[in-house]
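> this is a predicted model, with the sequence first.
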2 protein chains.
Amino acid sequence: MEIEIKFRVGFEDIRRKIEGLGGASFIREEVQEDLYFSIPLPNLLRVRRITNLGKAFLTYKFIKDPGRNEEFDELEVEVSDFETTVEILKRLGFRGDLWVRKKRLVYKLDDVTLELSDVEGLGAFLDIEVMSEDVEYAKRRIWEIAEKLGLSDKDVEPRLYQELLKEKVQASSS
Amino acid sequence: MEIEIKFRVGFEDIRRKIEGLGGASFIREEVQEDLYFSIPLPNLLRVRRITNLGKAFLTYKFIKDPGRNEEFDELEVEVSDFETTVEILKRLGFRGDLWVRKKRLVYKLDDVTLELSDVEGLGAFLDIEVMSEDVEYAKRRIWEIAEKLGLSDKDVEPRLYQELLKEKVQASSS
């Protein structure tokens, strides 16, 4: 299972703090363009293109704790072509209804992945993630690192990126 | 567009004839396991595992001449994992309802692909295939080669493999 907690952060401030943590290694930069398809929550269906690496992925997620959005069953495969995968999903009746675009820096610290993202239209977020079947252990690890970075409960953003983007669109049109 | 005509053949007989044709090159052998999903014709949805090459593909086809089954819009991507792709489709509500297993020899002759298959439970078939937007040209090319191999109208099998397998199951249970 994928356990992750998302925090609102200042990009350069947290970047400096992560790079100052003992043991965190920078893995790669990703420029991601995600197209989300119209299936009802707590299911998520996405095709991701990582433009700077020339890779694409088809991903299904099931949110196990809807509303809080920290625990996910994730199924993901790499696909050879972004556009064709999107077209197959459209032919199967799914509608691509939301784009999320971001620049992301990925770091690893032992079994923890830190994803620092600058999301187009939304600002900067840090996802701290652990793959584990032991939710309690995973959350303890996540919070150990969050605290070292000076993050607390009030910095947590429980909403999904696509929820934040939809709220923004609605706010600006009302 | 993919234009193809399927013929019932004797495996070794046609293999000798193809290898005796001037210009036909043997490309590769594939051991294929195809899982077809429950979507209504003329749509086809399939995940293919090529076990001897360690590859997998997600394929959607739209049959443009249902019943005759010679003209297809095909959308295909290579995927990094067969089982995960199958599981994603199941989570999206599709039911994997038919396996087609075959050993296939692939040959190329200029712009024509010859696929000689030994299909589990059904016997041997030769698919002669051309990728082209010009259906008339494609069929002329296919028939030029079919005639050189001694094949005629009466050898054509218009039914899909999955239709033949379903008929066989129904016949044996009635």
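In hand now; what should we look at?

> which of the helices or strands spans the most centrally placed residue in chain A?
When Cα atoms, centre = their mean is applied to chain A, the residue found nearest the centroid is residue A:127 (6.4 Å). Residue A:127 belongs to strand A:123-131 when elements are defined using DSSP states H and E.

> that strand pairs with which strands, and in what direction?
If you go by DSSP bridges, strand A:123-131 pairs up with strand A:2-8 (antiparallel), strand A:112-119 (antiparallel).

> low-confidence ranges, chain A, go.
Scanning chain A for pLDDT under 70 picks out the ranges A:174.

> show me where it has helices.
Secondary structure of chain A (DSSP state H): helices located at A:11-20, A:82-91, A:135-148, A:161-173.

> can you name the residues in contact with the strand holding residue A:127?
The contact list for strand A:123-131 (Cβ atoms under 8 Å, 6 or more residues apart in numbering or on different chains) reads A:1-11, A:14, A:111-119, A:137-138, A:141-142, A:145-146, A:149, A:151, A:157, A:161. The C-beta positions use only the backbone N, C-alpha and C, and glycine is treated the same way.

> in it, what's buried?
Across strand A:123-131, burial judged by 16 or more other Cβ atoms under 10 Å in any protein chain shown covers A:124, A:125, A:126, A:127, A:128, A:129, A:130.

> please apply the same query to stretch A:42-54.
Applying 16+ other Cβ under 10 Å to stretch A:42-54 flags A:44, A:45, A:46, A:47, A:48, A:49, A:50 as buried.

> any figure for the gap between the last one and residue A:6?
Summarising the geometry, the distance separating residue A:50 from residue A:6, computed by Cβ to Cβ, to the nearest Å, is 19 Å.

> on that earlier part again, quick one: distance of the strand holding residue A:127 to the chain centre.
6 Å (Cα atoms, centre = their mean, to the nearest Å).

> okay, now the closest residue to residue A:139 other than its chain neighbours: neighbour count?
Nearest residue to residue A:139 in three dimensions, chain neighbours excluded: residue A:3, at 6.4 Å (Cβ to Cβ, 6 or more residues apart in numbering or on different chains). Residues near residue A:3, counting by other Cβ atoms under 10 Å in any protein chain shown, number 23.

> got the contact list for residue A:113?
Counting by Cβ under 8 Å, 6+ apart, residue A:113 touches A:106, A:107, A:127, A:128, A:129, A:130.

> just those now: which is nearest residue A:38?
residue A:127 (23.7 Å; Cβ to Cβ).

> the closest one pairs with what?
Bridge pairing for residue A:127 - DSSP bridges - gives residue A:6, residue A:115.

> quick check: it vs residue A:116, distance?
Distance of residue A:127 to residue A:116, computed by Cβ to Cβ: 8 Å.

> can you check residue A:52 too?
Distance, residue A:52 to residue A:116, using Cβ to Cβ: 16 Å.

> now swap in residue A:33 and tell me
According to Cβ to Cβ, residue A:33 stands 18 Å off from residue A:116.

> more neighbours: those two, which one.
residue A:116 (23 against 16).

> and the gap between the closest residue in space to the more buried one that isn't next to it in sequence and residue B:124?
Leaving aside its sequence neighbours, residue A:116 sits nearest to residue A:105 (Cβ to Cβ, 6+ apart; 4.6 Å). Distance from residue A:105 to residue B:124, counting by Cβ to Cβ: 55 Å.

> equivalent analysis for residue A:133, please.
For residue A:133, the distance to residue B:124 (Cβ to Cβ) stands at 47 Å.

> which residues of chain A lie near chain B?
A:39, A:43, A:45, A:58, A:60, A:62, A:75-81, A:84-85, A:87-88, A:91-92, A:94 (Cβ under 8 Å from any Cβ of the partner chain).

> now with 6 Å, please.
A:60, A:75, A:77, A:78, A:79, A:80, A:81, A:84, A:85, A:87, A:88, A:91 (Cβ under 6 Å from any Cβ of the partner chain).

> now these as TSV including neighbour count and distance to residue A:28?
Listed next are those as TSV, based on neighbours: other Cβ atoms under 10 Å in any protein chain shown; distance: Cβ to Cβ, whole Å:
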residue	neighbour count	distance to residue A:28
A:60	24	24
A:75	20	22
A:77	23	19
A:78	16	15
A:79	25	19
A:80	15	20
A:81	15	21
A:84	19	25
A:85	24	22
A:87	16	28
A:88	21	28
A:91	16	33
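
> looking at those, which is nearest residue B:26?
residue A:80 (24.4 Å).

> name the nearest residue to the closest one, ignoring sequence neighbours.
Using Cβ to Cβ, 6+ apart, the nearest residue to residue A:80 is residue B:78, at 3.9 Å.
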